[in-house]
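Undergrad: My questions are about this predicted structure, shown below with the sequence.
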Amino acid sequence: AVLSRGYKRETKGFRIASCTDTYKEVGDEPLQIKQKFPDITLAVDGDRCRGIEKVLSAVKPRPDVFLLDDAFQHRYVTPDLSILLIDYNRLITDDLLFPAGNLREPAKSKDRAQIVVVTKCPADIKPIEFRIIGKKLKLYPYQSLHFTTTKYDEPKAVFEANGKEVRAGSISDYEALLLTGIANPAPFEEYVRKLVKNAEAINFSDHHNFSKNDYSNIEKAFGKLSSEKKIIITTEKDAVRMKNDPNFPESLKNHIYHIPMFISFLYGGEDFDKQILKLCGKK
(Lines give C-alpha, C1' and ligand atoms only; values in the text may rest on other atoms or scores of the structure.)
Protein backbone atom coordinates (compact mmCIF):
# COMPACT_ATOMS: atom_id res chain seq x y z
CA ALA A 1 0.00 0.00 0.00
CA VAL A 2 1.06 3.58 -0.66
CA LEU A 3 0.35 6.08 2.12
CA SER A 4 0.50 9.86 1.62
CA ARG A 5 -0.56 12.90 3.62
CA GLY A 6 -2.61 14.16 0.67
CA TYR A 7 -1.06 17.62 0.71
CA LYS A 8 -3.50 20.50 0.02
CA ARG A 9 -6.58 18.27 -0.23
CA GLU A 10 -9.83 19.67 1.15
CA THR A 11 -10.87 16.51 3.03
CA LYS A 12 -9.75 15.51 6.51
CA GLY A 13 -8.62 12.31 8.18
CA PHE A 14 -8.24 8.91 6.55
CA ARG A 15 -9.36 8.09 3.02
CA ILE A 16 -8.67 5.28 0.57
CA ALA A 17 -8.27 6.77 -2.90
CA SER A 18 -10.12 5.64 -6.01
CA CYS A 19 -9.49 6.56 -9.65
CA THR A 20 -12.73 8.55 -9.69
CA ASP A 21 -11.69 10.82 -6.82
CA THR A 22 -10.71 14.42 -7.45
CA TYR A 23 -7.47 16.09 -6.39
CA LYS A 24 -9.47 18.08 -3.82
CA GLU A 25 -10.43 14.82 -2.13
CA VAL A 26 -7.02 13.09 -2.03
CA GLY A 27 -4.41 15.58 -3.31
CA ASP A 28 -2.90 15.94 -6.77
CA GLU A 29 0.15 13.68 -6.39
CA PRO A 30 -1.74 10.77 -4.75
CA LEU A 31 -4.41 10.98 -7.47
CA GLN A 32 -1.73 11.04 -10.16
CA ILE A 33 -0.19 7.87 -8.67
CA LYS A 34 -3.56 6.11 -8.31
CA GLN A 35 -4.62 6.88 -11.88
CA LYS A 36 -1.25 5.77 -13.22
CA PHE A 37 -1.20 2.56 -11.15
CA PRO A 38 -4.90 1.78 -10.54
CA ASP A 39 -4.28 -1.68 -9.05
CA ILE A 40 -2.41 -0.42 -5.99
CA THR A 41 -3.97 0.44 -2.64
CA LEU A 42 -3.40 4.15 -2.03
CA ALA A 43 -4.55 5.92 1.11
CA VAL A 44 -4.16 9.44 2.51
CA ASP A 45 -4.00 10.49 6.15
CA GLY A 46 -2.24 13.38 7.86
CA ASP A 47 -1.48 10.99 10.74
CA ARG A 48 0.73 8.29 9.21
CA CYS A 49 0.50 5.94 12.21
CA ARG A 50 -3.29 6.07 12.13
CA GLY A 51 -3.25 5.67 8.35
CA ILE A 52 -1.20 2.46 8.55
CA GLU A 53 -3.51 1.01 11.20
CA LYS A 54 -6.64 1.87 9.22
CA VAL A 55 -5.27 0.36 5.99
CA LEU A 56 -4.36 -2.83 7.86
CA SER A 57 -7.90 -3.10 9.24
CA ALA A 58 -9.73 -2.04 6.05
CA VAL A 59 -7.85 -3.69 3.20
CA LYS A 60 -8.02 -7.42 2.48
CA PRO A 61 -5.65 -9.10 1.98
CA ARG A 62 -3.56 -7.02 4.38
CA PRO A 63 -0.61 -5.26 2.73
CA ASP A 64 2.85 -6.68 3.47
CA VAL A 65 4.67 -3.46 2.52
CA PHE A 66 3.88 0.23 3.02
CA LEU A 67 5.47 2.88 0.84
CA LEU A 68 5.38 6.25 2.64
CA ASP A 69 5.57 9.34 0.48
CA ASP A 70 7.86 12.18 1.64
CA ALA A 71 8.50 10.64 5.06
CA PHE A 72 12.26 10.92 5.52
CA GLN A 73 11.83 13.41 8.40
CA HIS A 74 8.90 11.51 9.93
CA ARG A 75 9.91 10.09 13.31
CA TYR A 76 6.73 8.30 14.44
CA VAL A 77 7.13 5.40 12.01
CA THR A 78 10.42 3.49 12.03
CA PRO A 79 11.15 2.40 8.44
CA ASP A 80 12.75 -0.87 7.42
CA LEU A 81 14.27 0.93 4.46
CA SER A 82 14.79 4.63 3.71
CA ILE A 83 15.21 5.85 0.13
CA LEU A 84 16.53 9.39 -0.25
CA LEU A 85 16.02 11.21 -3.55
CA ILE A 86 18.51 13.97 -4.42
CA ASP A 87 18.00 16.31 -7.37
CA TYR A 88 20.99 16.27 -9.74
CA ASN A 89 20.46 20.01 -10.33
CA ARG A 90 20.52 20.77 -6.59
CA LEU A 91 22.81 18.37 -4.74
CA ILE A 92 22.43 18.54 -0.97
CA THR A 93 26.20 18.97 -0.66
CA ASP A 94 25.81 22.30 -2.50
CA ASP A 95 22.73 23.42 -0.58
CA LEU A 96 22.05 25.07 2.79
CA LEU A 97 19.49 24.71 5.54
CA PHE A 98 16.22 26.61 5.15
CA PRO A 99 15.76 29.63 4.98
CA ALA A 100 19.22 30.20 3.47
CA GLY A 101 18.69 27.16 1.23
CA ASN A 102 16.19 24.39 0.62
CA LEU A 103 17.29 21.71 3.09
CA ARG A 104 14.84 20.73 5.86
CA GLU A 105 17.66 19.24 7.95
CA PRO A 106 21.49 19.05 7.74
CA ALA A 107 22.97 17.22 4.76
CA LYS A 108 24.57 14.81 7.24
CA SER A 109 21.09 13.35 7.79
CA LYS A 110 21.53 11.51 4.50
CA ASP A 111 23.39 8.89 6.56
CA ARG A 112 19.99 7.47 7.65
CA ALA A 113 19.20 6.32 4.10
CA GLN A 114 20.09 2.85 2.90
CA ILE A 115 19.42 3.84 -0.73
CA VAL A 116 20.33 7.19 -2.32
CA VAL A 117 18.98 8.04 -5.78
CA VAL A 118 20.26 11.04 -7.73
CA THR A 119 17.29 12.04 -9.90
CA LYS A 120 16.75 14.20 -13.02
CA CYS A 121 20.22 13.46 -14.42
CA PRO A 122 20.91 14.31 -18.08
CA ALA A 123 20.38 11.24 -20.24
CA ASP A 124 23.89 11.65 -21.64
CA ILE A 125 25.64 12.03 -18.28
CA LYS A 126 29.25 10.86 -18.42
CA PRO A 127 30.49 7.96 -16.22
CA ILE A 128 33.04 10.25 -14.62
CA GLU A 129 30.16 12.32 -13.19
CA PHE A 130 28.87 9.25 -11.37
CA ARG A 131 32.21 9.05 -9.59
CA ILE A 132 32.44 12.80 -8.90
CA ILE A 133 28.96 12.90 -7.36
CA GLY A 134 29.69 9.73 -5.40
CA LYS A 135 32.77 11.35 -3.86
CA LYS A 136 30.82 14.51 -3.04
CA LEU A 137 28.10 12.60 -1.21
CA LYS A 138 30.59 10.57 0.89
CA LEU A 139 28.26 7.64 1.41
CA TYR A 140 28.95 4.76 3.79
CA PRO A 141 29.45 1.13 2.64
CA TYR A 142 25.92 0.24 3.79
CA GLN A 143 24.47 2.82 1.40
CA SER A 144 23.86 2.15 -2.30
CA LEU A 145 23.93 4.93 -4.91
CA HIS A 146 21.75 5.04 -8.03
CA PHE A 147 21.20 7.53 -10.87
CA THR A 148 18.00 8.12 -12.83
CA THR A 149 16.80 10.35 -15.65
CA THR A 150 13.34 11.58 -16.59
CA LYS A 151 11.82 10.40 -19.85
CA TYR A 152 8.64 11.59 -21.51
CA ASP A 153 5.88 9.79 -23.37
CA GLU A 154 3.75 11.08 -26.26
CA PRO A 155 1.42 14.02 -25.52
CA LYS A 156 -2.06 13.04 -24.38
CA ALA A 157 -5.25 15.11 -24.40
CA VAL A 158 -6.17 16.29 -20.91
CA PHE A 159 -9.87 16.00 -21.75
CA GLU A 160 -10.89 12.68 -23.26
CA ALA A 161 -13.71 14.27 -25.25
CA ASN A 162 -11.01 16.14 -27.17
CA GLY A 163 -10.49 13.11 -29.43
CA LYS A 164 -7.55 14.67 -31.26
CA GLU A 165 -4.21 12.91 -31.07
CA VAL A 166 -0.85 14.58 -31.52
CA ARG A 167 2.63 13.11 -31.44
CA ALA A 168 5.78 14.79 -30.21
CA GLY A 169 7.24 14.66 -33.70
CA SER A 170 4.17 16.26 -35.28
CA ILE A 171 4.15 19.59 -33.40
CA SER A 172 7.51 20.94 -34.55
CA ASP A 173 5.76 23.78 -36.43
CA TYR A 174 3.43 24.63 -33.52
CA GLU A 175 3.49 27.53 -31.10
CA ALA A 176 2.98 26.37 -27.54
CA LEU A 177 1.84 27.82 -24.25
CA LEU A 178 3.58 25.92 -21.45
CA LEU A 179 1.49 25.76 -18.30
CA THR A 180 2.99 24.43 -15.06
CA GLY A 181 2.33 24.41 -11.33
CA ILE A 182 5.24 22.28 -10.12
CA ALA A 183 8.29 22.90 -7.94
CA ASN A 184 10.90 22.99 -10.71
CA PRO A 185 9.50 23.44 -14.25
CA ALA A 186 12.92 24.02 -15.90
CA PRO A 187 13.59 20.42 -17.11
CA PHE A 188 10.03 20.09 -18.44
CA GLU A 189 10.27 23.42 -20.23
CA GLU A 190 13.63 22.50 -21.72
CA TYR A 191 12.18 19.28 -23.13
CA VAL A 192 9.02 20.87 -24.59
CA ARG A 193 10.88 23.79 -26.18
CA LYS A 194 12.76 21.26 -28.30
CA LEU A 195 9.48 19.88 -29.63
CA VAL A 196 7.87 23.10 -30.87
CA LYS A 197 8.68 26.10 -33.02
CA ASN A 198 8.17 28.63 -30.23
CA ALA A 199 6.95 28.52 -26.63
CA GLU A 200 5.70 30.95 -24.03
CA ALA A 201 5.53 29.82 -20.39
CA ILE A 202 3.20 30.55 -17.48
CA ASN A 203 4.47 29.08 -14.22
CA PHE A 204 2.61 28.83 -10.93
CA SER A 205 3.78 27.53 -7.54
CA ASP A 206 3.79 23.81 -6.74
CA HIS A 207 0.30 22.31 -6.12
CA HIS A 208 -1.31 25.55 -7.32
CA ASN A 209 -5.11 25.59 -7.34
CA PHE A 210 -6.16 27.37 -10.54
CA SER A 211 -8.69 30.15 -10.06
CA LYS A 212 -11.14 31.63 -12.57
CA ASN A 213 -8.82 34.61 -12.85
CA ASP A 214 -5.88 32.30 -13.61
CA TYR A 215 -7.85 30.64 -16.38
CA SER A 216 -8.87 34.02 -17.75
CA ASN A 217 -5.19 35.03 -17.96
CA ILE A 218 -4.32 31.69 -19.57
CA GLU A 219 -7.04 32.24 -22.20
CA LYS A 220 -5.62 35.68 -22.97
CA ALA A 221 -2.06 34.37 -23.22
CA PHE A 222 -3.15 31.55 -25.54
CA GLY A 223 -5.09 34.03 -27.68
CA LYS A 224 -1.95 36.14 -28.12
CA LEU A 225 -0.08 33.29 -29.79
CA SER A 226 0.03 34.37 -33.42
CA SER A 227 0.35 31.00 -35.16
CA GLU A 228 -2.69 29.16 -36.53
CA LYS A 229 -1.10 25.98 -35.20
CA LYS A 230 -0.95 26.36 -31.45
CA ILE A 231 -1.24 24.13 -28.44
CA ILE A 232 -1.22 24.25 -24.63
CA ILE A 233 1.14 21.76 -22.99
CA THR A 234 1.08 21.02 -19.27
CA THR A 235 2.52 18.43 -16.89
CA GLU A 236 0.96 15.16 -15.83
CA LYS A 237 0.49 16.43 -12.28
CA ASP A 238 -1.14 19.69 -13.39
CA ALA A 239 -3.49 17.76 -15.71
CA VAL A 240 -4.85 15.90 -12.66
CA ARG A 241 -5.96 19.21 -11.14
CA MET A 242 -7.46 20.58 -14.36
CA LYS A 243 -9.28 17.48 -15.58
CA ASN A 244 -12.26 17.73 -13.20
CA ASP A 245 -12.14 21.47 -12.61
CA PRO A 246 -15.56 22.99 -13.47
CA ASN A 247 -13.87 26.38 -13.96
CA PHE A 248 -11.66 25.16 -16.80
CA PRO A 249 -12.63 27.15 -19.94
CA GLU A 250 -14.53 25.21 -22.62
CA SER A 251 -12.65 27.20 -25.27
CA LEU A 252 -9.34 25.59 -24.23
CA LYS A 253 -10.38 21.97 -23.78
CA ASN A 254 -9.59 20.98 -27.38
CA HIS A 255 -6.15 22.56 -27.20
CA ILE A 256 -4.57 21.33 -23.97
CA TYR A 257 -2.33 18.26 -23.70
CA HIS A 258 -0.16 16.81 -20.97
CA ILE A 259 3.06 14.85 -21.39
CA PRO A 260 3.29 11.73 -19.20
CA MET A 261 6.68 11.11 -17.62
CA PHE A 262 8.47 8.05 -16.33
CA ILE A 263 11.78 7.32 -14.64
CA SER A 264 14.66 5.36 -16.15
CA PHE A 265 17.72 4.13 -14.27
CA LEU A 266 21.07 5.15 -15.76
CA TYR A 267 23.13 3.29 -13.19
CA GLY A 268 22.31 0.80 -10.45
CA GLY A 269 18.79 -0.18 -11.55
CA GLU A 270 19.18 -3.94 -11.10
CA ASP A 271 20.71 -3.55 -7.65
CA PHE A 272 17.87 -1.22 -6.67
CA ASP A 273 15.30 -3.85 -7.65
CA LYS A 274 17.18 -6.53 -5.72
CA GLN A 275 17.21 -4.46 -2.52
CA ILE A 276 13.48 -3.79 -2.73
CA LEU A 277 12.59 -7.41 -3.54
CA LYS A 278 14.83 -8.68 -0.73
CA LEU A 279 12.99 -6.44 1.73
CA CYS A 280 9.66 -7.75 0.44
CA GLY A 281 10.83 -11.35 0.91
CA LYS A 282 10.98 -12.14 -2.81
CA LYS A 283 13.88 -13.42 -4.91
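TA: Cool, got the structure. Numbers count the residues shown, from 1 in each chain.
Undergrad: which regions of the stretch 151-283 of the chain sit below the pLDDT cut-off?
TA: Counting by pLDDT under 70, the ranges of the stretch 151-283 of the chain that qualify are 282-283.
Undergrad: buried ones in the lengthiest helix in the chain?
TA: Within the chain, and with DSSP state H defining each element, the longest helix by residue count is helix 212-224. Buried residues in helix 212-224, defined by neighbour count with 16 or more other C-beta atoms under 10 Å: 214, 215, 218, 222. The C-beta positions use only the backbone N, C-alpha and C, and glycine is treated the same way.
Undergrad: Ok, stretch 57-65 next?
TA: For stretch 57-65, the neighbour count (16+ other C-beta under 10 Å) marks residue 63 as buried.
Undergrad: Show the end-to-end separation of it, please.
TA: For stretch 57-65, the first-to-last residue distance is 14 Å (C-alpha to C-alpha, to the nearest Å).
Undergrad: Just give me how far it sits from the chain centre.
TA: 26 Å (C-alpha atoms, centre = their mean, to the nearest Å).
Undergrad: Use 46 as the first number from now on
TA: Sounds good: first residue 46 from here, last item stretch 102-110.
Undergrad: What mean pLDDT does it get?
TA: The average of the pLDDT scores along stretch 102-110 is 93.
Undergrad: coming back round to it: of the buried residues of helix 257-269, closest to residue 183?
TA: Taking C-beta to C-beta as the measure, residue 183 lies nearest residue 259 of the buried residues of helix 257-269, at 43.9 Å.
Undergrad: ok, residues contacting stretch 151-162?
TA: When contacts are defined by C-beta atoms under 8 Å, 6 or more residues apart in numbering, stretch 151-162 is touched by residues 117, 126-131, 137-138, 140, 142, 182, 184-185, 187-193, 317, 320.
Undergrad: now do stretch 276-286
TA: Outside stretch 276-286, the residues that touch it by C-beta under 8 Å, 6+ apart are 68, 73-74, 76-77, 80-81, 200, 203, 211, 216, 219-227, 230, 233, 237, 241, 244, 253-255, 263, 267, 287, 297, 300-306.
Undergrad: So which of those residues belong to helices?
TA: Per DSSP H, the subset of those in helices is 68, 73, 74, 76, 77, 80, 81, 233, 237, 263, 267, 287.
Undergrad: Show me where the stretch 96-245 of the chain has its strands.
TA: 112-113, 128-132, 160-164, 189-197, 201-202, 220-225, 243-248 (DSSP state E, counting those that start in this stretch).
Undergrad: which of those sits most buried?
TA: Greatest average neighbour count among the strands of the stretch 96-245 of the chain goes to strand 220-225 (a mean of 23), per mean count of other C-beta atoms under 10 Å.
Undergrad: Quick one: classify residue 278 as helix, strand or coil.
TA: The three-state label given to residue 278 by DSSP: H, G, I helix; E, B strand; the rest coil is strand.
Undergrad: wait, what's in contact with the nearest residue to residue 238 once chain neighbours are set aside?
TA: Among residues not flanking residue 238 along the chain, residue 244 sits closest, at 5.0 Å (C-beta to C-beta, 6 or more residues apart in numbering). Shown in contact with residue 244 (C-beta under 8 Å, 6+ apart): 220, 221, 222, 223, 234, 237, 238, 278.
Undergrad: next one: residue 317
TA: 160, 162, 189, 191, 310.
Undergrad: and if you look at residue 128?
TA: 158, 159, 160, 161, 162.
Undergrad: among those, which two are most distant?
TA: Largest pairwise distance in those, by C-beta to C-beta, is 11.3 Å, between 159 and 162.
Undergrad: okay but residue 143 is in contact with residue 150, surely?
TA: No. In this structure residue 143 lies outside contact range of residue 150 using C-beta atoms under 8 Å: 9.1 Å.
Undergrad: Compare the two (neighbour count), which wins?
TA: Set side by side, residue 143 and residue 150 show more neighbours around residue 150, with 13 against 10, by other C-beta atoms under 10 Å.
Undergrad: For the residue nearest to the more buried one when sequence neighbours are not counted, grab phi and psi.
TA: Of all residues not flanking residue 150 in the chain, residue 118 sits nearest, at 6.3 Å (C-beta to C-beta, 6+ apart). Per-residue torsions, residue 118: phi -90, psi 0 (degrees, to the nearest 10).
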